[in-house]
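Student: Turn this into a model:
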Amino acid sequence: MLNPEQFVVLVGLMGAGKTSIGRRLADTLGIPFIDTDEEIVNAAGCSIADIFEIYGEQAFREVEERVMARILSETPSVVATGGGAFINDQTRDLIARHSISVWLKADLKILLERTKRRDSRPILKAGDPQKILRELMETRYPIYAEADLTVETGEESVSDTLQGIMAALETLMPTDGAKPNEV
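Tutor: All right, here's what the predicted structure looks like:
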């Protein structure tokens, strides 16, 4: 069994499975799970949609960066980020210094299917979701590729995706009793 000594931060577009897979990964690793979107809502006292509408995306990204810095100074955990968190240079640097980052990569069809299940995605309310997601993929995927690990998510089960993440993490994390340089 893996013995995590640092954070595991899941990055990727909305609908990639960061929250659902993150909860299961945290259970498997025996460490806490944190969803940065939930933490931002708690810190701001209003919904993400309200933050976007009232203060704008830039203000949201600033709060997101502060919340991420706080989280990464606490107990190691599995962290599910918002889709734009890893795009911010400062947030990406924090993640790189304090965690193993895992990009959950999904194709457009999967993202569309998953995002239409929730009505709380402010960015998708600005127009055609397919066009918006395609544009986000074009701009963000090259940046997500900077993550330590990439795991494809698709039509397979959460359990199968979890197995893929665990196998990938084993290449970077020490196992019980092993020192990092012995792996």
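Student: Other residues contacting the helix or strand hosting Ile100?
Tutor: Counting by DSSP states H and E, the element that carries Ile100 is strand 99-105. Applying CB atoms under 8 Å, 6 or more residues apart in numbering, the set of residues contacting strand 99-105 from outside is 6-12, 16-18, 21, 72, 79, 86, 95, 141, 144-153, 161, 165, 168-169, 172-173. Backbone N, C-alpha and C define where each C-beta goes, glycine included.
Student: Give the pairing partners of it; include direction for each.
Tutor: strand 7-11 (parallel), strand 149-152 (parallel) (DSSP bridges).
Student: Report the rounded mean pLDDT for the first one.
Tutor: The average of the pLDDT scores along strand 7-11 is 96.
Student: any idea what sits nearest Leu13, other than its immediate chain neighbours?
Tutor: Gly83 (4.9 Å; CB to CB, 6 or more residues apart in numbering).
Student: Burial check on that neighbour, number of neighbours?
Tutor: Around Gly83 there are 22 other residues, counting by other CB atoms under 10 Å.
Student: Please narrow the contacts of strand 99-105 to those residing in strands.
Tutor: Residues from the contacts of strand 99-105 lying in strands, with DSSP state E as the criterion: Phe7, Val8, Val9, Leu10, Val11, Val79, Leu149, Thr150, Val151, Glu152.
Student: Mark which of those residues are buried, thanks.
Tutor: Among the ones in strands among the contacts of strand 99-105, those that count as buried by neighbour count (16 or more other CB atoms under 10 Å) are Phe7, Val8, Val9, Leu10, Val11, Val79, Leu149, Thr150, Val151.
Student: Mind putting the residues you listed into JSON lines with distance to Tyr55?
Tutor: Formatted as JSON lines, these follow (distance: CB to CB, whole Å):
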{"residue": "Phe7", "distance to Tyr55": "27"}
{"residue": "Val8", "distance to Tyr55": "30"}
{"residue": "Val9", "distance to Tyr55": "25"}
{"residue": "Leu10", "distance to Tyr55": "25"}
{"residue": "Val11", "distance to Tyr55": "23"}
{"residue": "Val79", "distance to Tyr55": "23"}
{"residue": "Leu149", "distance to Tyr55": "33"}
{"residue": "Thr150", "distance to Tyr55": "33"}
{"residue": "Val151", "distance to Tyr55": "33"}
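Student: For Val63, state which of the residues you listed is nearest.
Tutor: Nearest to Val63 among those is Val79, at 15.5 Å by CB to CB.
Student: contacting residues for the closest one?
Tutor: Counted by CB under 8 Å, 6+ apart, Val79 has contacts 7-10, 22, 33-36, 68, 71-72, 99.
Student: Among the ones in strands among the contacts of strand 99-105, which one lies nearest to Asp107?
Tutor: Checking those one by one against Asp107 (CB to CB), the nearest turns out to be Glu152, at 8.5 Å.
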